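Asker: Provided below are the primary sequence and the corresponding predicted coordinates.
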Amino acid sequence: MTVNSLIESDRAHWIHPVSSWHDHEQRGVTVLRSGKGVYLTDIEGNELLDGFAGLWCVNVGYGHDSIVEAAAEQMRRLAYATGYFSFGSEPAILLAQKLADRAPGDLKHVYFGLGGSDAVDSAIRLIRYYYNITGRPAKKHMIALERGYHGSSSTGAGLTGLPAFHLHFDAPAPMQHHIAPPYPYRSDAASDVELIARSVADLRAKVEELGAENVAAFFAEPVIGSGGVIVPPKGWLSAMQATCRELDILFVVDEVITGFGRTGPLFACEHEGVTPDFMTVAKGLTAGYAPMGAMFMSDRIYRAIADRSAGQPIGHGQTYSGHPVSAAVALEVLRLYEEGGLLANSQAVGAYFGERLKTLLDHPLVGDVRSLGLLAGVELVTSKTAKTRPDAALNLPGHLARIGYDNKVIFRAFGDGIVGFAPPLCITRDETDLLI
Ligand code: PLP
């Protein structure tokens, strides 16, 4: 197929995720063909530095033969094994073991799915199941953060606090609520301590309004990703956990972006020694080489459900839960993070990248830069004193993406003038210099 006919076919047939179908029909797409390390090559031969690891997922970088071999070997030996009907497979079992060994605290039980959205959905369904089976069926309401993103499944999208995910889809599902995010740059709090106290007070007020006896859980990303890479002050996550414990609601941490070295340690919860009741992951779990997500559950909750389930299957599952090829990929990816030195590189280069990013603050349009490890956001404003967001009519994301492409770099430009960076963890200092 020629480049033009490929682009025509795409325009005619592929419904792309989170895109304007109208604009897509006008513009078409950039067709990516190959990748090596932090570089992608498009179908016209342009080499692009991928400052966004695909969609914050290709944490190990592109073109790892050892992952290809692990997948091929597993496909040859056993392409599929169900997790239903008391079956399992070696890679899925081994992966569950290794993840449980590394997860915070007593998150010892892992449910595998296909990505982040269904990991969040699994958490929602099983939290409701837990309260029903333990005799507190009124505890159904869920609270999340405005600007948070928890996927676009029909239930989980309700937790997503981004207007674009609700426009013309109706308001969020019932019994899902939002409180203000901890957004240091846009808050008038006098200090980090005050900002954290405000979040705690907001959560308390929402729980009081709904009645603690009706509230199931609070969901949060350790760093808000798709909502503009908002890094809360240190101490925020542990304060929210303590508040959830005190209010007797479950604390769910969504590490779909932050997991697997993106912010430095394997899981962002480790920055503050936090152990949630549930934790969701995807993306870096397989580094984008195969689809897979996972939901971790604390031993306490698992036992409460397991002990009441004699003779009664728990009706939650997917054909591809614990897919052996994805699991084999994840095992090799985990080896690369640890033995391959990628976590160590993320920590070293992440610190350097964070320092270099601060130099952008001298730019007249840069209002804020924030980062944790290799996850960073740069907020553009048209007035630094008034912190004025660029006019939406300017279509800044579209222009910035084009400028990036013309300069052979890829990053994410969000609608309200925020630029996001999440390069593969194998990036070198020189490559971050290029990105900056
Ligand atoms: N949760 C978070 C924090 C995410 O960033 C995402 C996706 O970006 C999801 C959930 C949904 O994951 P997926 O796109 O794999 O369904």
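Answerer: Good, I have the coordinates. Residues are numbered from 1 along each chain as shown.

Asker: For the rest of this, base every contact and every neighbour count on C-alpha atoms.
Answerer: Will do.

Asker: buried sites along whichever strand or helix holds residue 301?
Answerer: Using DSSP states H and E, residue 301 falls within helix 299-306. Residues 301-302, 305 are the ones in helix 299-306 that count as buried (16 or more other C-alpha atoms under 10 Å).

Asker: Stretch 29-36 now?
Answerer: Neighbour-count burial for stretch 29-36 flags residue 35 (criterion: 16+ other C-alpha under 10 Å).

Asker: Over to stretch 331-339?
Answerer: Result for stretch 331-339 [16+ other C-alpha under 10 Å]: buried residues 331-334, 336-337.

Asker: which bits of the stretch 201-350 of the chain sit near the ligand?
Answerer: 221, 225-226, 254-257 (C-alpha under 6 Å from any ligand atom).

Asker: sorry, back to before: JSON lines for the buried residues of stretch 331-339, including secondary structure and pLDDT?
Answerer: Listed next are those as JSON lines, based on DSSP: H, G, I helix; E, B strand; the rest coil; pLDDT from 0 to 100:
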{"residue": "331", "secondary structure": "helix", "pLDDT": "99"}
{"residue": "332", "secondary structure": "helix", "pLDDT": "98"}
{"residue": "333", "secondary structure": "helix", "pLDDT": "98"}
{"residue": "334", "secondary structure": "helix", "pLDDT": "98"}
{"residue": "336", "secondary structure": "helix", "pLDDT": "98"}
{"residue": "337", "secondary structure": "helix", "pLDDT": "98"}
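
Asker: quick one on the thing from earlier: what's in contact with the helix holding residue 301?
Answerer: With contacts defined as C-alpha atoms under 8 Å, 6 or more residues apart in numbering, helix 299-306 is touched by 106-109, 130, 133-134, 277.

Asker: Tell me both backbone torsions, phi and psi, for the spatially closest residue to residue 383 that is not a sequence neighbour.
Answerer: Nearest residue to residue 383, sequence neighbours excluded (C-alpha to C-alpha, 6 or more residues apart in numbering): residue 365, at 7.3 Å. The phi and psi values for residue 365, taken as degrees, to the nearest 10, are phi -100, psi 0.

Asker: residue contacts, residue 338?
Answerer: The contact partners of residue 338, by C-alpha under 8 Å, 6+ apart, come to residue 344.

Asker: All the helices of this structure, residue numbers only.
Answerer: With DSSP state H applied, the chain shows helices at 3-13, 21-27, 53-56, 65-77, 90-102, 116-133, 192-210, 236-247, 299-306, 324-338, 342-358, 396-406, 429-435, listed in chain order.

Asker: Just the angle for the longest one relative to helix 236-247, thanks.
Answerer: This means helix 192-210. 30 degrees (axes from the mean of the first three to the mean of the last three C-alpha atoms, to 10 degrees).

Asker: For helix 192-210, buried residues please.
Answerer: 192, 195-200, 202-204, 206-207.

Asker: Thanks again, I'm all set now.
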